[in-house]
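>>> with the sequence up front, the predicted model follows.
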Amino acid sequence: MKILLSLTLAAALTPCVLRAANTEFKPGEIWTDTSGAPINAHGGGLLYHDQTYYWYGEIKTGKTWSPKSNSGWGGTRVDVVGISCYSSKDLLNWKHEGNVLPAVQDDPQHELHKSKVVERPKVIYNKATKKFVMWMHIDSEDYQLAHAGVAVSDQPTGPFQYLGSCRPDGAMSRDMTVFQDDDGKAYLFHSSEDNKTMHIALLSDDYLKPSGKFARVFEGRSMEAPAVFKHQGRYYFMASDCTGWAPNAARSAVADSIWGPWRELGNPCRGPDAALTFHGQSSYILPVAGQPGTFICYLDRWKQFDLQDSRYLWLPLQLTAAGFEVPWKDSWKLAK
């Protein structure tokens, strides 16, 4: 009887274990963490630190609704909940580390209040200060504030302390990413000038503010959702057109200096619906630790009217003589 009971119990528990054990990337499918819950880290970024990957992203829960101020471009939203963090050793199985920068519930004037906009968190580690620094897009409900915000933590899993926001170098800042170069210098790439021009701002040595040196690139090209990576001394860039939640053809570019000149390469996506970036939008490009020349392209597939069900498209990025390509895969495994 005891043996039969044990076997029955094991059989009942086995499906839960199997759901949590991810063995390959399946772009667009529901991706569960080690507890079996869907991963909730949208518009995010990744950090590799002490042989562990950390994934930070926007928590999307609750009802999706549309403020009147954004009706012209279909700007649906959910109330801000905070920034989530997940950790992983293999990039497939992620442990939920919690809400590391929660929304403020009781102060409508606070920039982290649930009624505001907190998007696209990216975290880098400063070896000199031993601080983990998070940059993110901070905005008002109508997207007119157009700030970049910063928070810090002593640990990759938080909690993060919010320090405030600014318009970098006096310029508007909406979609953004942070790139940390081999020499330790860090740069904020952000859509500016009503999204018409991309700005690249060198951050201070502690990564907590703009240094005052910046460049205007892709003037008049209207780009958002920037992602940046480097390979063999060259800088590569991916972004999207500005079409609200509607997908469009991705953009790519290359430069020998981070300051440019940047040369556009066209849409890097290959395969079904490549002209719509597989119904996704760029968020981050991750260099895989210990595998030089191996990169993962992380895209978000937004669901405009049900944002909490937005999905992730993690796809292999392939370097080419001209630049790079992102081919569609229904499922795939990272080569070892």
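On my side now, so go ahead. Residues are numbered from 1 along each chain as shown.

>>> in what helix or strand does the spatially most central residue of the chain lie?
Taking CA atoms, centre = their mean, the centroid of the chain lies closest to residue 44, which sits 2.4 Å from it. Using DSSP states H and E, residue 44 sits within strand 42-49.

>>> any idea of the angle the next helix or strand after that strand forms with strand 42-49?
Using DSSP H and E, the helix or strand that follows strand 42-49 in sequence is strand 52-58. Per axes from the mean of the first three to the mean of the last three CA atoms, to 10 degrees, the angle that strand 52-58 makes with strand 42-49 is 160 degrees.

>>> pairing partners for strand 52-58, with directions?
With DSSP bridges as the test, strand 52-58 is paired with strand 42-49 (antiparallel), strand 82-88 (antiparallel).

>>> deepest of the ones you listed, which one?
strand 82-88 (a mean of 23; mean count of other CB atoms under 10 Å). The way it works is simple: take the backbone N, C-alpha and C, and place the C-beta from them, glycine included.

>>> quick one: residues in contact with that one.
Residues outside strand 82-88 that contact it (CB atoms under 8 Å, 6 or more residues apart in numbering): 33, 39-41, 52-59, 94-103, 112, 118, 121, 134, 136, 156-158, 160.

>>> run the chain-centre distance for it.
The chain centre lies 11 Å from the centre of strand 82-88; the measure is CA atoms, centre = their mean, to the nearest Å.

>>> residue ranges of the helices in the stretch 1-150 of the chain, please?
Applying DSSP state H, counting those that start in this stretch to the stretch 1-150 of the chain gives helices spanning 2-20.

>>> so where's it uncertain?
1-20 (pLDDT under 70).

>>> which residues of it fall in strands?
42-49, 52-58, 82-88, 95-102, 117-126, 131-139, 147-153 (DSSP state E, counting those that start in this stretch).

>>> please apply the same query to the stretch 201-336 of the chain.
Taking DSSP E, counting those that start in this stretch as the test, the strands found in the stretch 201-336 of the chain are 210-217, 223-231, 234-241, 251-255, 263-264, 269-270, 281-287, 295-301, 311-319, 324-327.

>>> how about those in CSV, adding mean pLDDT, mean neighbour count and distance to residue 145?
Formatted as CSV, the strands of the stretch 201-336 of the chain follow (pLDDT from 0 to 100; neighbours: other CB atoms under 10 Å; distance: least, CB to CB, whole Å):
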stretch, mean pLDDT, mean neighbour count, distance to residue 145
strand 210-217, 98, 17, 17
strand 223-231, 98, 22, 16
strand 234-241, 98, 23, 22
strand 251-255, 98, 21, 26
strand 263-264, 98, 13, 30
strand 269-270, 98, 19, 32
strand 281-287, 98, 25, 22
strand 295-301, 98, 23, 22
strand 311-319, 98, 21, 28
strand 324-327, 98, 20, 32
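
>>> of the contacts of strand 82-88, just the buried ones, ChimeraX syntax please.
Command for ChimeraX, covering only those of those found buried under the criterion 16 or more other CB atoms under 10 Å:
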select :33,39,40,41,53,54,55,56,57,58,59,94,96,97,99,100,101,102,103,112,118,121,134,136,156,157,158,160
